[in-house]
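Trainee: sequence? don't have it. structure:
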């Protein structure tokens, strides 16, 4: 039987090992993209710019980021499915099922997103960034400069 | 008063907003680097290769990764301090205090590490990867192909 689109082999939520750790979002993306269907697969595929609102209590952590800089925004893809281990790349059923760690699928055990973007504007605790393909309300967990 | 090396302005652990999410490690790095003092600041600065042991239950997620491929290994830098918002880059006290989000310091609210490495060898649930600067026992939370 041919698996349905997006369906893959699954793993129970608590079967694999390793002590869980807690991520606390540092901010959120405010975007014109409102749902997963509208979202391009990659930032380079026509994604818009967006605002990254960082918690005011963490604003100091932004000191040193400047307009024009390239950064990697690390998000928590909160709509990702955590029980999927194989997917059809780009949701294309003609492509063979592939391990999620060999793809950028948002469906994966820890649905982290890595988004290389350019800083367009910096205010106190907000960064205008882009292009970025995530949906409005996506939690941000880290920001790193590109070396 | 001049802040001590590594000391920076701090934030209470639970002061900032955003619903916490749980990361479950997918594996662990087995390295000859045994403590933070021995670790180079970047993989390109003389770091060794290492084994990435993925939970056998998640091994299917590796299908499609091949020798020679460039991937990003996402780690949880378990020795990072989560209450630090500013650091002296590269622990050099002559450099001005900078927001952690403008640096790659392991000390940051969510101590995630992004490590671009090459796949040297693939067995069932183990990847030989490198060069990588993390210490032995560092939890791995995700693996992504480089686009």
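Mentor: Received, thanks. Just so you know, these numbers come straight off a predicted model, no measurement behind them.
Trainee: the strands in chain A, which residues?
Mentor: Taking DSSP state E to define them, one finds strands in chain A at A:21-23, A:27-30, A:50-54, A:70-76, A:86-87, A:98-99, A:112-122, A:126-130, A:139-145.
Trainee: tell me which of these sits most buried.
Mentor: The highest average neighbour count among these, using mean count of other CB atoms under 10 Å in any protein chain shown, belongs to strand A:86-87 at a mean of 24. The way it works is simple: take the backbone N, C-alpha and C, and place the C-beta from them, glycine included.
Trainee: lowest average confidence, helix or strand, in chain A?
Mentor: In chain A, the helix or strand scored least confidently by mean pLDDT, DSSP states H and E is strand A:21-23, which has a mean of 95.
Trainee: could you dump the strands of chain A into JSON lines and include distance to residue B:47?
Mentor: Listed next are those as JSON lines, based on distance: least, CB to CB, whole Å:
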{"stretch": "strand A:21-23", "distance to residue B:47": "23"}
{"stretch": "strand A:27-30", "distance to residue B:47": "31"}
{"stretch": "strand A:50-54", "distance to residue B:47": "30"}
{"stretch": "strand A:70-76", "distance to residue B:47": "19"}
{"stretch": "strand A:86-87", "distance to residue B:47": "31"}
{"stretch": "strand A:98-99", "distance to residue B:47": "25"}
{"stretch": "strand A:112-122", "distance to residue B:47": "20"}
{"stretch": "strand A:126-130", "distance to residue B:47": "30"}
{"stretch": "strand A:139-145", "distance to residue B:47": "18"}
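Trainee: now those as a markdown table including distance to chain B?
Mentor: A markdown table is the format used below for those (distance: least, CB to the nearest CB, whole Å):
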| stretch | distance to chain B |
| --- | --- |
| strand A:21-23 | 5 |
| strand A:27-30 | 7 |
| strand A:50-54 | 8 |
| strand A:70-76 | 5 |
| strand A:86-87 | 6 |
| strand A:98-99 | 4 |
| strand A:112-122 | 5 |
| strand A:126-130 | 9 |
| strand A:139-145 | 4 |
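Trainee: where does chain A dip in pLDDT?
Mentor: Counting by pLDDT under 70, chain A contains low-confidence ranges at A:1-17.
Trainee: give me the most central residue, it.
Mentor: Ranked by distance to the mean C-alpha position of chain A (CA atoms, centre = their mean), the top residue is residue A:113 at 2.6 Å.
Trainee: how far away is it from residue A:64?
Mentor: 23 Å (CB to CB, to the nearest Å).
Trainee: same question, residue A:29
Mentor: 21 Å.
Trainee: quick revisit: please name the nearest non-neighbouring residue to the residue nearest to the centre of chain A.
Mentor: The shortest distance from residue A:113 to any non-neighbouring residue, by CB to CB, 6 or more residues apart in numbering or on different chains, is to residue A:75 (4.0 Å).
Trainee: pretty sure the one you found is in contact with residue A:117, am I right?
Mentor: No - counting by CB atoms under 8 Å, residue A:75 stays clear of residue A:117, with 10.8 Å between them.
Trainee: returning to what we had before: nearest to residue B:55, of the strands of chain A?
Mentor: Counting by CB to CB, residue B:55 lies closest to strand A:98-99 out of those; the figure is 13.1 Å.
Trainee: what sits up against the closest one?
Mentor: Residues from elsewhere that reach strand A:98-99 (CB atoms under 8 Å, 6 or more residues apart in numbering or on different chains): A:85, A:86, A:87, A:88, A:89, B:60, B:61, B:62, B:63, B:64, B:65.
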